[in-house]
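Enquirer: From the sequence below, what's the structure:
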Amino acid sequence: MSASREKKTRQGQTSQGPDERVQERQRKQKADRRSSILYAVVGVICVAAIAVTLVLNSGLIQRSMTAVTIQDTKYSAADLQYYYNVMYQNTLQYAMYGLQTGFDYTKDPKDQVYDQETGDTWYDHLLDGAVDYLTTITALYDKAVAEGYAISEDGQAALDETVTTLNNAWVGQYNTRNEMIRSNYGPYMTYDHLLELLEREALVSDYASTNKAAYTYSQADYESYYQENKDALDTFTTSQLALRASVNTTDENGDTIEMTEEEQAAALEEAKAEVKAKAEEILAKMEAGEEPADLAAQYSEDLYSDAVSRVQTGSSVNSSYTDWAFDSARKAGDVTLAEYDGGSSYYYYVVRFEDRQRNDGAAADIRNILVTADSDDEAKSSAEDLLAQWQSGDATEDSFADLAASNSKDPVSATGGGLMTNLTALTSDAVYTNWALDPARQPGDTTVIQDTEAEGYQILYFVAQKDPVWQQTADNSLRTEDQTAWEESAAEGYEAALGFAAKFVQ
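Expert: As a prediction, this is how the structure comes out:
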């Protein structure tokens, strides 16, 4: 081929487009550009997702977005979580103390149905309660601010004590204060915001307490309340011998006895028949005039418990026989056999009615410090030394309470600073009442007396004389009724609307 023809051939090939290697290189470049764009887009999405996750975990959204609006006030998920936790903790305490609420504290509230008809869960119920509570707080806060109410000295002191506790409670239990706050008040809560809520609550609580204390009632008001509620307010004296039928579910070695539900039910019925026969035997003897104390000693191996000549208000009488006890025809010496189905156990109560009256005697509050020693002289000397130690200081009720908390051997009152409330001649030990109910007694009075039953000496501090217990109950009930009406009136017209951030409440 001539040089000119070879040149023309190359020109022809060039005019027809790039060869295969060039085309392949171009395709690869385009693919690389598409990949770069794709990776860039994916990268942006990933960064955005990470950013959203970080923001969510930080609680910023939950603290800034609205979870509920009440009137003109907007509350965040952190706020609503705080009040949800209040409702949850209250319900948890009831359940753990055995109160029949239907709530299983071992399960998630979202996994438990509260209302079979509506399908609402316990979570829904607790959230509704939190919103209602927050609505009342909001209404009372607005009312207090509108009236220019300022927190009292006592209210401020209580708030200061709460804050001090908050600042110290985490030590030894949590790594940081913030960890404690998130654990107890919700994952979105901060220290500063918690202080805001506590200050708001303190003002509302102080305002409400001041209002409640301002109500006044006449003796006629108390008498009217008594006539409507005498069964609950009167003082009853009864003797009760209790027997229990149950089925052993473990053997003498502590190993579980395998039984079907049918076998357990049959065994319980057999036990009930045996225990009821014993209860009827005791009943017959009591009806024949034998004393409850003697029968308690005679049948001590059979009894589940006994309470001879127990004095209590009607509100505390065993519900298994209240209708019988409250009957106006009841008279001293009447006897009955009552029953109670406790599920896995069954109870029989042999009861003798002894007395019913309205306890019009005055009541008193005192504080005590029980001192024990190897000898009476030693106990008395130690008690007198402790009293002298207290008198040499500021000699206040608070300092006496501190002394009781650290020195008293009384297992019941020591943890409360020795406080014993509403002592009456009818319901309390004479070792206290002979001194405490003396009309000449004044707040701050002290004494040292021997307590032979406790095998020691008591240091007593007189706190206050009070109205009869039934009248105190009437007064408190009337105040609660009026206070509830006042709070409901304050919240009238306040509407709550849940927002997007409510779903963050856990």
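Enquirer: how deep is the closest residue to residue 158 other than its chain neighbours tucked in, by neighbour count?
Expert: Closest residue to residue 158 apart from its sequence neighbours, by CB to CB, 6 or more residues apart in numbering: residue 202 at 6.8 Å. From N, CA and C alone the C-beta is placed, and that goes for glycine too. The tally of other residues near residue 202 (other CB atoms under 10 Å) stands at 18.
Enquirer: now swap in residue 239 and tell me
Expert: Burial measure for residue 239: 21 neighbouring residues, criterion other CB under 10 Å.
Enquirer: For it, name its beta-bridge partners.
Expert: residue 352 (DSSP bridges).
Enquirer: Pretty sure it sits against residue 309.
Expert: Yes. The criterion here is CB atoms under 8 Å, and residue 239 meets it with residue 309 at 5.7 Å.
Enquirer: Neighbouring strands - and their directions - for the helix or strand containing residue 339?
Expert: Using DSSP states H and E, residue 339 maps to strand 335-341. Strand pairing for strand 335-341, using DSSP bridges, gives strand 345-357 (antiparallel).
Enquirer: Would you verify that residue 174 is located in a strand?
Expert: No. Residue 174: not assigned to a strand; according to DSSP: H, G, I helix; E, B strand; the rest coil it is coil.
Enquirer: number of nearby residues for the nearest residue to it once chain neighbours are set aside?
Expert: In space, and not counting its chain neighbours, residue 174 is closest to residue 180: 4.2 Å by CB to CB, 6+ apart. Using other CB under 10 Å, residue 180 has 17 other residues around it.
Enquirer: now swap in residue 454 and tell me
Expert: By other CB under 10 Å, neighbour count at residue 454 equals 17.
Enquirer: Now the closest residue to it other than its chain neighbours: which helix or strand?
Expert: Leaving aside its sequence neighbours, residue 454 sits nearest to residue 370 (CB to CB, 6+ apart; 5.7 Å). If you go by DSSP H and E, residue 370 is part of strand 363-372.
Enquirer: Which of the three states applies to residue 310?
Expert: strand.
Enquirer: Pretty sure it sits against residue 241.
Expert: No. Contact between residue 310 and residue 241 fails when scored by CB under 8 Å: they sit 11.2 Å apart.
Enquirer: Look at the two and report which has more neighbours.
Expert: Using other CB under 10 Å as the criterion, residue 310 and residue 241 rank with residue 241 on top: 25 against 17.
Enquirer: got any residues that touch both of residue 239 and residue 309?
Expert: Jointly contacting residue 239 and residue 309 under the rule CB atoms under 8 Å, 6 or more residues apart in numbering are 292, 354.
Enquirer: related to what we said a few turns ago, didn't the residue nearest to residue 174 look like it was pressed against residue 173?
Expert: Yes. Look at residue 180 against residue 173 with CB under 8 Å: they come within range, at 6.9 Å.
Enquirer: which residues does the residue nearest to residue 454 bridge with?
Expert: residue 458.
Enquirer: For burial, what's the neighbour tally of it?
Expert: 23.
Enquirer: Kindly report the same for the one 5 residues further on.
Expert: With neighbours defined by other CB under 10 Å, the count for residue 375 comes to 8.
Enquirer: what stretches of this structure score poorly on pLDDT?
Expert: By pLDDT under 70, the weakly predicted segments of the chain are 1-64.
Enquirer: how does it look with 80?
Expert: Residue ranges of the chain with pLDDT under 80: 1-64, 98-100, 249-255.
Enquirer: Identify the residue spatially nearest to residue 111, adjacent ones excluded.
Expert: residue 121 (7.3 Å).
Enquirer: roughly how far apart are that neighbour and residue 499?
Expert: Look at residue 121 and residue 499: by CB to CB, to the nearest Å, they are 20 Å apart.
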